[in-house]
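In: My questions are about this predicted structure, shown below with the sequence.
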Amino acid sequence: MDFNDTPEEAAFRKEVRTWLDANATRKSDDKQSFRARNDDPELLKKAKEWQDKKATAGYARLTWPKEFGGRGASPILQVIYQQEEANYLVPLGFFDIGLGMCIPTMMAYATPEQLKRYVKPALHGKEVWCQLFSEPAAGSDVAGIRTKAERDGDDWIINGQKVWTSGAHYCDFGIVITRTDPNVPKHAGLTMFFLDMKSPGVEVRPIKQMSGGANFNEVFFTDVRIPDSQRLGKVGEGWKAALTTLMNERLAVGLPSGGLDIDELMELARETELDDGAAIRNQQVRSKIADWYVQQQGLKLTRYRTLTALSKGQTPGPESSIIKIVAAPKMQDMGAFAMELMGHAGIMKEDVPFAAGFQAQWIGGAGFRIAGGTDEILRNIVAERVLGLPADIRVDKDIPFNKLTRS
Amino acid sequence: MNFDFSDDQKLLKEQVRKFLADKCPTKVVRRVLDGNETHAEDVWKGLVDLGVPALGIPEEYGGMGLSPLEVCVAAEEIGRAAAPVPFDSSVVLATEALKLAGSDAQKKKWLPELASGKAIGTMAIAEGAQPPKPRNIRTTFGGGRLNGRKLPVTDGEAATFAIVLANTGGSGDRAVSLVLVDLTQKAVAKKRIETIDPARKHAELTFSDASAELLGGEGEGWRLLERLYDAAAVYFAFAQVGGAEAAMWMARDYALQRQAFGRAIGSYQAIKHKLADCYVKLELARSNAYYGAMMLTEDGADLPLAAAAARIAATDAYDFAAKENIQTHGGIGFTWEADTQFHYRRSRLMALSLGGPMAWKDKLVTRLEQKNAA
């Protein structure tokens, strides 16, 4: 056992480092982030410039076929690139949904002409894509969406509302799942399209989150016209297309990085005085630190097991399905506990070391437990796909969508 | 990145697994649990024939000279079967103690016998109610003579020799030493004691001027024990991972078969989510155990930390899977006839026999503090 690269991986890592050294600034420590240093409204512009540079050098999507600007490389090389890139001050995150989910769905369903038109600008960061799936009444049960698409000659007319759409306010294109037939059970009446986000009738309103941030949006469709040529897959087969998109979401391997963790919690515990001395000497505190350390290590090492499979050209096992189930509650609970160590001052946003960072985890953790699959849905997935337990009873399975009870 | 066992190691694992599935089904565990035998001698003999006790013993001492990784894969399978054999006592603790602290003469005498299955070794540390500490060990060793009483001692009846923690008169942590004692002599009395896991027999050993010798330096007992327990924690973690996985699948199989309110209970989220949590804990434990095995193999500086993490994660995974297995079975799971009790009993035995999770969590943070200060 070892954590070493194969000779091929080592050579690639060296190549990547050389390129990054020549094109970006190395972080002074691993907590430093581009955003913290460059909190300016020009962030998207800078991100687009970086993406273009990266795509031109062939690092933007290493696993994609050469005809689409990739290298047809093994997923482990993609991971190595990302590991190395994380050590540099570069703006990231704007293109993950587009390149990780939307464009792969396009590759599965769009015409060669459309791919020729859309893939390259997306890869180079010239055009940004979003994914329009969730709705106010369809979150975990995403097949319950109500946004309507009605045929009108060679076009479709879209009416309805999407929610939690990341980046919709700066996106150029999106893929949208709609209901084209309410007279059949819910999964059978869906159809997927892609659309220009600047189409008349599309209105984007940012959602202010509990954390104060606004990375997500509501998107309203009022008589939006989409040509039938922008349909992805057959009419009524939108669920199949949506599964393609979501499967690609799961292929994105990654752990939340940066932010405060065990080291900072220990430092806080060393500096906090409890009745019986420093908090770090208190057995309850030590017990919690140990539990979270075991989780933190467990997640890191579980990822190494997945990477080992990728490195050997094997399909990884299901072990990475535990990551968010563990990481999200840990973030929330550890944040809350660190604040508790500070006592009443734990509520203050200023003047208290680490307070803001741990508060951000406590707040952010509440959202992280929901985003991209709730704790509960992820447990269902593990139970059904890993342990082979039966799917939940679906009382709506055979009932036409327009006959269902609605919230 | 090569954070996995080799194909050869996986083959060995499969071999041990098949042997135990065939020769050590749960009815063998029950036989020992209900019966009088000290351990399943038939199963133990088969494991000896497979070479399991010889795996980690150097070739010059009659073993196979393989790495800790081979012992780890065997441990996982022993744990999966909840096998009633002296693996933890003899293959892990006694063998590792000799490898760690034994003189050449001691190794020459005992390791070949352990490898060939002629001898069974064990460790005798605890002395009843108080968790053992250098200051409270009352068993004494001096002038080649051992006196005192040890309990509980795993496989105390079956064992040929024991490695005993005894007071040798020093101060502080240096008050104690490891002492090797032949248990076949008349000055040693063995008495079976009742425990929560009758499938693994335990004894009280009384030494009355028993002839014995130091294992390692005088006053080095506590330091050696800490190092030994780090290695043991890794091997135990693999056994616990195997047991946790077995308990999880036992619960899952029952949840598929048992009908209530018109459907399989495994289709209810209360059961599904509980078993998903078993899986989450199992994988956290497995990953931490792998790292422990890696550090043990390369004698890495991170071993103390990795061993503690493996121990904590694996104890948690096995405890949780074992208790929720009973819960998933409902009333039938609480009967003497049900196989659920084997893992419930074994998980608690393994959780306590190297010191419980609370002590290991404290150790882990101490080691983290040391690492951060370095």
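Out: Here it is on my side, so go on. Residues are numbered from 1 along each chain as shown, chains lettered A, B, ... in the order given.
In: Do a quick rundown of the helices in chain A.
Out: For chain A, the helices defined by DSSP state H occupy A:7-23, A:34-37, A:43-56, A:75-85, A:96-97, A:103-109, A:112-123, A:238-251, A:262-271, A:283-311, A:323-341, A:355-368, A:375-381.
In: Let me have those in a markdown table, extended by mean pLDDT.
Out: Shown next, in a markdown table, are those (pLDDT from 0 to 100):
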| stretch | mean pLDDT |
| --- | --- |
| helix A:7-23 | 97 |
| helix A:34-37 | 54 |
| helix A:43-56 | 95 |
| helix A:75-85 | 93 |
| helix A:96-97 | 92 |
| helix A:103-109 | 96 |
| helix A:112-123 | 98 |
| helix A:238-251 | 80 |
| helix A:262-271 | 94 |
| helix A:283-311 | 95 |
| helix A:323-341 | 96 |
| helix A:355-368 | 93 |
| helix A:375-381 | 95 |
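In: Tabulate the ones you listed (JSON lines), appending mean neighbour count and distance to chain B.
Out: For the C-beta atoms, the positions are set from N, CA and C on the backbone; glycine is no exception. Output for these, formatted as JSON lines (neighbours: other Cβ atoms under 10 Å in any protein chain shown; distance: least, Cβ to the nearest Cβ, whole Å):
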{"stretch": "helix A:7-23", "mean neighbour count": "14", "distance to chain B": "8"}
{"stretch": "helix A:34-37", "mean neighbour count": "14", "distance to chain B": "24"}
{"stretch": "helix A:43-56", "mean neighbour count": "18", "distance to chain B": "23"}
{"stretch": "helix A:75-85", "mean neighbour count": "20", "distance to chain B": "7"}
{"stretch": "helix A:96-97", "mean neighbour count": "19", "distance to chain B": "23"}
{"stretch": "helix A:103-109", "mean neighbour count": "20", "distance to chain B": "25"}
{"stretch": "helix A:112-123", "mean neighbour count": "16", "distance to chain B": "27"}
{"stretch": "helix A:238-251", "mean neighbour count": "18", "distance to chain B": "16"}
{"stretch": "helix A:262-271", "mean neighbour count": "18", "distance to chain B": "7"}
{"stretch": "helix A:283-311", "mean neighbour count": "21", "distance to chain B": "3"}
{"stretch": "helix A:323-341", "mean neighbour count": "20", "distance to chain B": "5"}
{"stretch": "helix A:355-368", "mean neighbour count": "19", "distance to chain B": "16"}
{"stretch": "helix A:375-381", "mean neighbour count": "18", "distance to chain B": "4"}
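In: how about a markdown table for those helices, with distance to B:Ile196 added?
Out: A markdown table is the format used below for those (distance: least, Cβ to Cβ, whole Å):
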| stretch | distance to B:Ile196 |
| --- | --- |
| helix A:7-23 | 49 |
| helix A:34-37 | 54 |
| helix A:43-56 | 60 |
| helix A:75-85 | 46 |
| helix A:96-97 | 52 |
| helix A:103-109 | 54 |
| helix A:112-123 | 62 |
| helix A:238-251 | 43 |
| helix A:262-271 | 34 |
| helix A:283-311 | 24 |
| helix A:323-341 | 30 |
| helix A:355-368 | 38 |
| helix A:375-381 | 31 |
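In: I'd like to know which of those helices lies nearest to A:Gly167.
Out: helix A:96-97 (6.9 Å; Cβ to Cβ).
In: by contact count, what packs against that closest one?
Out: Judged by 3 or more Cβ pairs under 8 Å, 6 or more residues apart in numbering or on different chains; DSSP states H and E, helix A:96-97 is in contact with strand A:129-132.
In: which residues sit against the strand it packs on?
Out: Where contact means Cβ atoms under 8 Å, 6 or more residues apart in numbering or on different chains, the residues beyond strand A:129-132 that reach it are A:97-99, A:101-103, A:122, A:162, A:165-168, A:171-177, A:197, A:219, A:245.
In: Please put the alpha-carbon coordinates of it into CSV.
Out: What follows is strand A:129-132, C-alpha atoms only, in CSV (Å, rounded to 0.1, in the frame of the first residue of the first chain):
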residue,chain,number,x,y,z
TRP,A,129,-24.7,26.6,-18.6
CYS,A,130,-27.2,25.9,-15.8
GLN,A,131,-29.5,23.0,-14.9
LEU,A,132,-33.2,23.7,-14.5
